[in-house]
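A.B. asks: Generate a structure from the sequence data that follows.
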Amino acid sequence: MHVHSKYATVLACLQDPVLPPLDQNCMRFFERVVIDTGFDGMGLGDEAQRVSQALDGKPVMLMGQHGVLVASATVAQAFDDLYYFERACETYVTALMTGQPLRIASACVAQKTARQWTEDYKSFADQHLAELKAILDEEGASYAE
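C.D. replies: From the prediction side, this is the model:
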């Protein structure tokens, strides 16, 4: 999945686009994001191959001056990662706007939290997407047609 969501794109435009382990959502992506600084236009040529190689086994690519790309084995996991990555970027960008010093977690805490997200909540993404679909079904949405 690839989007130009507001907060991820803001992060992608910063001189230092690293998402620090600021809160549990940010920590979820600790050491799981590759930053692509190879933007050189609209990518109408061999961009797909370059990007897929640059992912290097990580699920999230922050595309410098562009947006975010998420790759996963399932739609549910890709959607969940995309949703929570945008939320993590929103938290970080909002925290930067306060001008106050940030309380960044240690690498040890961030690694533990990331591991908990990926190992202890394995069915979380499926449940998240199922609940969203249930809400849409209840509202009578036509997404499934």
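
A.B. asks: what's the pLDDT at residue 131?
C.D. replies: The model reports residue 131 with a pLDDT of 94.

A.B. asks: Buried residues in whatever helix or strand it lives in, which are they?
C.D. replies: Following DSSP states H and E, one finds residue 131 within helix 124-139. Neighbour-count burial for helix 124-139 flags 125, 128-129 (criterion: 16 or more other CB atoms under 10 Å). (Each C-beta comes from the backbone N, C-alpha and C, glycine too.)

A.B. asks: now the end-to-end length of stretch 98-116.
C.D. replies: With CA to CA, to the nearest Å as the measure, stretch 98-116 spans 29 Å from end to end.

A.B. asks: C-terminal to the helix or strand bottoming out on mean pLDDT in the chain, what's the next element?
C.D. replies: The helix or strand of the chain with the lowest confidence, counting by mean pLDDT, DSSP states H and E, is helix 47-55 at a mean of 79. Counting by DSSP H and E, the next helix or strand C-terminal to helix 47-55 is strand 60-63.

A.B. asks: just to revisit the earlier point, packing partners of the least confident helix or strand of the chain?
C.D. replies: strand 33-36, strand 60-63 (3 or more CB pairs under 8 Å, 6 or more residues apart in numbering; DSSP states H and E).

A.B. asks: Select, out of these, the one closest to residue 87.
C.D. replies: When the helices and strands packed on helix 47-55 are compared by CB to CB, strand 60-63 sits nearest residue 87, at 12.8 Å.

A.B. asks: any idea of the mean pLDDT for the closest one?
C.D. replies: pLDDT averaged over strand 60-63 gives 95.

A.B. asks: just to revisit the earlier point, pick the most deeply packed of the helices and strands packed on helix 47-55.
C.D. replies: Each of the helices and strands packed on helix 47-55 was scored by mean neighbour count; the highest is strand 60-63, a mean of 24, by mean count of other CB atoms under 10 Å.

A.B. asks: Contacts for the next helix or strand after that strand, please.
C.D. replies: For strand 60-63, the following helix or strand on the C-terminal side (DSSP H and E) is strand 67-70. Here strand 67-70 makes contact (CB atoms under 8 Å, 6 or more residues apart in numbering) with 1-5, 8-9, 12, 51, 55, 59-63, 78, 81-82, 85-86.
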